[in-house]
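In: next come a sequence and a model predicted from it.
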2 protein chains.
Amino acid sequence: MRTFDGDETSSSADQLTLRRTNLGLVLRLLRDRGPRSRAKLAAELGMTRSAVSTLVGELEARGLVRIGDLERGAVGRPGTSVQLDGHAVAGLGAEVNVNHVSTMALDLTGEVVSEHKLALDAHAFTVEAVLDRLADLVRQTTADLTRRGIDPIGLTVGVAGLVDRERGWLTFGPNLDWQDVPVHELLRDRLGEAYPITVENEGNLAALAEATPGDRDRQDVLVLFGEVGVGGGIVAEGRPLRGRQGYAGEFGHMIVEPQGRRCGCGRVGCWETVVGLRALLDLAADPDDQVRDPAMAIDERLAELNRRASLGDTRTLDALAQVGGWLGLGAAMLANALNPAAIVLSGYFAAVGEHMRPAIESRLRDGVLAPDAGGTRVELSTLGFTAAVRGGAGLSLDRVFADPTSVERRPVAAGATR
Amino acid sequence: MRTFDGDETSSSADQLTLRRTNLGLVLRLLRDRGPRSRAKLAAELGMTRSAVSTLVGELEARGLVRIGDLERGAVGRPGTSVQLDGHAVAGLGAEVNVNHVSTMALDLTGEVVSEHKLALDAHAFTVEAVLDRLADLVRQTTADLTRRGIDPIGLTVGVAGLVDRERGWLTFGPNLDWQDVPVHELLRDRLGEAYPITVENEGNLAALAEATPGDRDRQDVLVLFGEVGVGGGIVAEGRPLRGRQGYAGEFGHMIVEPQGRRCGCGRVGCWETVVGLRALLDLAADPDDQVRDPAMAIDERLAELNRRASLGDTRTLDALAQVGGWLGLGAAMLANALNPAAIVLSGYFAAVGEHMRPAIESRLRDGVLAPDAGGTRVELSTLGFTAAVRGGAGLSLDRVFADPTSVERRPVAAGATR
């Protein structure tokens, strides 16, 4: 048996671990704080400038960073600026929703490279047919990338419902009416093994999309996502809070009115019975009103509600205030528990949020023990229905930021300065 | 100006960063997975065996690990076992409560080295006098350590209320009736600069005490702490969830009964109005009953309630079932939001928890969307009123696990084998 002292593999494994760790540190710092000189990177990371120079060179060889244009002539000297380069890899996000399937690709700098969406009524198709449609969109997305010489680094698929992340199954999706669907395996069959595929709850992904890396005010975020159902996600210190089995974020089924209405889930008084889209529409209009006409697109119906509210229509304003009050009540409970920097209203909540905001903020101030609602701000998502695919694409990119060596060195193109 | 290539400080700063990182990796692995051979450590960490041997030697020189006794003759060879050594350093925890001040010291292996408690009515003293008493206990605790040759590595002080961690202030402590108290500064004045002092919310510390490092079933824990007030803490993936301003865990002020009773905080229908100690006692006994006699110790009153419940007393059982039902309702809300592995009942909830458990678990099953309550178990804390000091001492030790070089190398004692 060999002794420790006689081991002469010259610790290449340790060198690899160190290089990975340090490459990731540099890359994340550029993401979180923006372009900067190597001298500044060295000071911030407590490394020597020569070490940083080597690391930057390796990241550049993998196409992950580039040297600032202004001082291109002085590459390697202090004062030149290093920044993320989006030309090498992109992360893919995809979503299976009741009303659509969609995809997005984000490059390393967070720019949208490709985006596809197909409206469909998931209930009208088999599981396999829905995933066929999704796989088609993913292929269109990777084709977009190929045309631009960008490699897909991974795909994260958001689904509405409870997800077993280890197996990549949707175990329970009441709105999709799916149960125990091996999403990972079915997509792998359709898309092959070229990049890793991960399955996530769409609420977690939507929450991640709202958390901006490096921004302290966007590291602890609670996202409330309103459609007919109400869900969302929690990001704590920049990381998704998934819970032990990945079921965190099912806010819609907090029971807030034990003597109230029956919920789609079978329980009585769930939060979504008083803040879900149906609750608002029932309060705001009679059954024969156009805003309750399922044949009309939901965006248009919400726009009509906003129009009425802006004109001062009492019934509409009362309905928004009442739903806003319930929204604030639940938001205050969650803020007492989590003290997020921001509660981000997403989905339909964002669409009519300006008119609900006074009621929400009033309840939040009243209902949170900490002074000034613990500093929690109410914000409206600007991501619309792309939040989940954006969060998924971002999560796919995390693999690169954690270990930049997961991206191959690029062949050197003769005379290429890009 | 020096160029990068000409920088010849031989990257000692990077070496230091690497050594710190790797020493921490080894130490945490020993904490989380127990004693093991250097060969096994090397395999698990993806390092060479010679590198691991060097790291273990350095940890040993700092008194943080020791080599297993059985194969003492073969130190340095594969097969010998490395384990944490508790003889060098200890973390200190302290608590300022309405009814007592207390301290605890834990060594690196998690063993209690010293424990002190002083009952006092915080309302009867000035802030300075209470902190004088606490400082006395801390001095007794460090004296215990000194006698055993153990260095205190840091002190974490838990206080009941809202904490500004950056400044170390208790900003709002309604039960203590303290406001804007510079706890850190006042203790620093009394205890000097020998080790860092940190101020934390006691609920966060109690929650940390229930989260066992390395145990997957104890990484995502929600602690509900019941006294007259109700608070607690959240641990997610082994880390305390504090929120943006450190105000997370104020579960007692979730409004669950908007038409209900007025709370001590001034709001109506807070959860603690239906699950706090007073609610239970009011339901369980008439005003002249001994269990409602404030002159009698609370432990004895709770023991009497347990006795009555065990004898089948209907009023007592009904009271426990009613409070348990409300406890389960709120627990289910939090479980929908957080999907913890365990909800740990602490404080008075633990004392009478066995009789409340059926009602709690029934509401939890009914109220959580995920199947089988998302796997969330209801458990009773066994830490009693020491949870906060234990969590504080553990948090103080985190500094060593994050950076073992924060502990000095020890002078070599001639012939010492301990």
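Out: Arrived safely, thanks for sending.
In: go ahead and confirm residue A:202 touches residue A:158.
Out: Yes: look at residue A:202 against residue A:158 with C-beta atoms under 8 Å: they come within range, at 3.5 Å. From N, CA and C alone the C-beta is placed, and that goes for glycine too.
In: which residues are in contact with each of those two?
Out: Shared contacts of residue A:202 and residue A:158 (C-beta atoms under 8 Å, 6 or more residues apart in numbering or on different chains): A:95, A:388.
In: give me the contact status of the helix or strand hosting residue A:231 with chain B.
Out: Per DSSP states H and E: residue A:231 is located in strand A:230-236. Yes: interface with chain B: strand A:230-236 contributes A:234, A:236 (C-beta under 8 Å from any C-beta of the partner chain).
In: residues from the stretch 301-418 of chain A in reach of chain B?
Out: So the stretch 301-418 of chain A meets chain B at A:329, A:332-334, A:336-341, A:366-371, A:374-376 (C-beta under 8 Å from any C-beta).
In: residue ranges with poor pLDDT in the stretch 251-400 of chain A?
Out: For the stretch 251-400 of chain A, no stretch has pLDDT under 70.
In: start to end distance for stretch A:279-293?
Out: Stretch A:279-293 has an end-to-end distance of 14 Å (criterion: C-alpha to C-alpha, to the nearest Å).
In: check stretch A:41-57 too.
Out: 13 Å.
In: buried residues of that stretch, list them for me.
Out: Going by neighbour count (16 or more other C-beta atoms under 10 Å in any protein chain shown), the buried part of stretch A:41-57 is A:41-42, A:45, A:47-56.
In: for stretch A:287-298, same thing?
Out: Within stretch A:287-298, the residues scored as buried using 16+ other C-beta under 10 Å are A:291, A:298.
In: hmm, who's touching that stretch?
Out: Under the criterion C-beta under 8 Å, 6+ apart, residues A:277, A:281-282, A:284-286, A:301, A:304-305, A:348 lie in contact with stretch A:287-298.
In: using CSV, please lay out the buried residues of stretch A:41-57 together with pLDDT.
Out: What follows is the buried residues of stretch A:41-57, written out as CSV (pLDDT from 0 to 100):
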residue, pLDDT
A:41, 91
A:42, 89
A:45, 84
A:47, 81
A:48, 85
A:49, 88
A:50, 89
A:51, 88
A:52, 91
A:53, 93
A:54, 92
A:55, 93
A:56, 95
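In: export those residues to JSON lines and tack on distance to residue B:169 and secondary structure?
Out: Putting those into JSON lines (distance: C-beta to C-beta, whole Å; DSSP: H, G, I helix; E, B strand; the rest coil) gives the following:
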{"residue": "A:41", "distance to residue B:169": "35", "secondary structure": "helix"}
{"residue": "A:42", "distance to residue B:169": "35", "secondary structure": "helix"}
{"residue": "A:45", "distance to residue B:169": "32", "secondary structure": "helix"}
{"residue": "A:47", "distance to residue B:169": "35", "secondary structure": "coil"}
{"residue": "A:48", "distance to residue B:169": "39", "secondary structure": "coil"}
{"residue": "A:49", "distance to residue B:169": "40", "secondary structure": "helix"}
{"residue": "A:50", "distance to residue B:169": "43", "secondary structure": "helix"}
{"residue": "A:51", "distance to residue B:169": "40", "secondary structure": "helix"}
{"residue": "A:52", "distance to residue B:169": "38", "secondary structure": "helix"}
{"residue": "A:53", "distance to residue B:169": "43", "secondary structure": "helix"}
{"residue": "A:54", "distance to residue B:169": "44", "secondary structure": "helix"}
{"residue": "A:55", "distance to residue B:169": "40", "secondary structure": "helix"}
{"residue": "A:56", "distance to residue B:169": "42", "secondary structure": "helix"}
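In: now narrow those residues to whatever sits close to chain B.
Out: Answer for these near chain B (C-beta under 8 Å from any C-beta): A:45, A:47-53.
In: ok, back up a step: direction included, what does the helix or strand following the strand holding residue A:231 pair up with?
Out: As assigned by DSSP H and E, the chain's next helix or strand after strand A:230-236 is strand A:239-240. The strands beside strand A:239-240 in its sheet (DSSP bridges) come out as strand A:230-236 (antiparallel).
In: and the strand it pairs with, how far from the chain's centre?
Out: 10 Å (C-alpha atoms, centre = their mean, to the nearest Å).
In: CA atoms only for it, dumped as CSV, please.
Out: Only the C-alpha atoms of strand A:230-236 are listed here, as CSV (Å, rounded to 0.1, in the frame of the first residue of the first chain):
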residue,chain,number,x,y,z
VAL,A,230,-52.0,31.3,-7.1
GLY,A,231,-48.4,30.2,-6.5
GLY,A,232,-45.0,31.6,-6.5
GLY,A,233,-41.6,31.1,-5.1
ILE,A,234,-39.0,32.2,-2.6
VAL,A,235,-35.5,33.3,-3.2
ALA,A,236,-33.4,33.6,0.0
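In: neighbouring contacts of that strand?
Out: By C-beta under 8 Å, 6+ apart, strand A:230-236 touches A:160, A:201-208, A:210-211, A:219-225, A:240-241, A:248-252, A:271-272, A:275-276, A:338, A:340, A:346, B:236, B:241, B:243, B:337-338.
In: check stretch A:123-139 too.
Out: With C-beta under 8 Å, 6+ apart as the criterion, stretch A:123-139 contacts A:92, A:94, A:96, A:98, A:101-103, A:116-118, A:120, A:122, A:155, A:157, A:176-178, A:181, A:183, A:186-187, A:190-191.
In: circling back: of the residues of the stretch 301-418 of chain A next to chain B, keep whichever come out buried.
Out: A:329, A:332-334, A:336-341, A:367-370, A:374-376.
In: just the ones of these in helices?
Out: If you go by DSSP state H, these have A:329, A:332-334, A:336-338, A:367 in helices.
In: number of nearby residues for the residue lying closest to residue A:407 once chain neighbours are set aside?
Out: Computed as C-beta to C-beta, 6 or more residues apart in numbering or on different chains, the closest residue to residue A:407 that is not its neighbour in sequence is residue A:62, at 4.7 Å. For residue A:62, the count of nearby residues is 20 (other C-beta atoms under 10 Å in any protein chain shown).
In: go on, residue A:87?
Out: Neighbours of residue A:87 (other C-beta under 10 Å): 17.
In: surely it meets residue A:151?
Out: No: taking contacts as C-beta under 8 Å, residue A:87 lies outside contact range of residue A:151: 10.1 Å.
In: point me to the residue of the stretch 151-300 of chain A nearest chain B.
Out: Residue of the stretch 151-300 of chain A nearest chain B, by C-beta to the nearest C-beta: residue A:243 (2.5 Å).
In: and that residue, how far is that from residue A:53?
Out: 43 Å (C-beta to C-beta, to the nearest Å).
In: so what are the domain limits for chain A?
Out: Domains of chain A are assigned by automatic domain parsing as A:16-84, A:89-207+A:388-406, A:214-382.
In: out of the ones you listed, which comes closest to residue B:384?
Out: domain A:214-382 (24.1 Å; C-beta to C-beta).
In: and the closest one, how far from the chain's centre?
Out: Using C-alpha atoms, centre = their mean, the offset of domain A:214-382 from its chain centre is 18 Å.
In: start to end distance for it?
Out: End-to-end span of domain A:214-382 (C-alpha to C-alpha): 19 Å.
In: skip the chain neighbours and tell me the closest residue to residue A:148.
Out: What sits nearest to residue A:148 in space, not counting adjacent residues and going by C-beta to C-beta, 6+ apart, is residue A:113, at 7.0 Å.
In: surely the one you found meets residue A:149?
Out: No: in this structure, residue A:113 is not within contact of residue A:149 by C-beta under 8 Å, at 11.2 Å.
In: show me where chain A has its helices.
Out: Under DSSP H, chain A gives helices at A:12-33, A:38-45, A:49-61, A:127-147, A:183-191, A:202-210, A:272-275, A:277-284, A:298-310, A:314-338, A:348-351, A:353-367, A:387-402.
In: most packed of those?
Out: Highest mean neighbour count among the helices of chain A (mean count of other C-beta atoms under 10 Å in any protein chain shown): helix A:202-210, with a mean of 29.
In: that one near chain B anywhere?
Out: No: Helix A:202-210 lies out of reach of chain B by C-beta under 8 Å from any C-beta, never closer than 10.9 Å.
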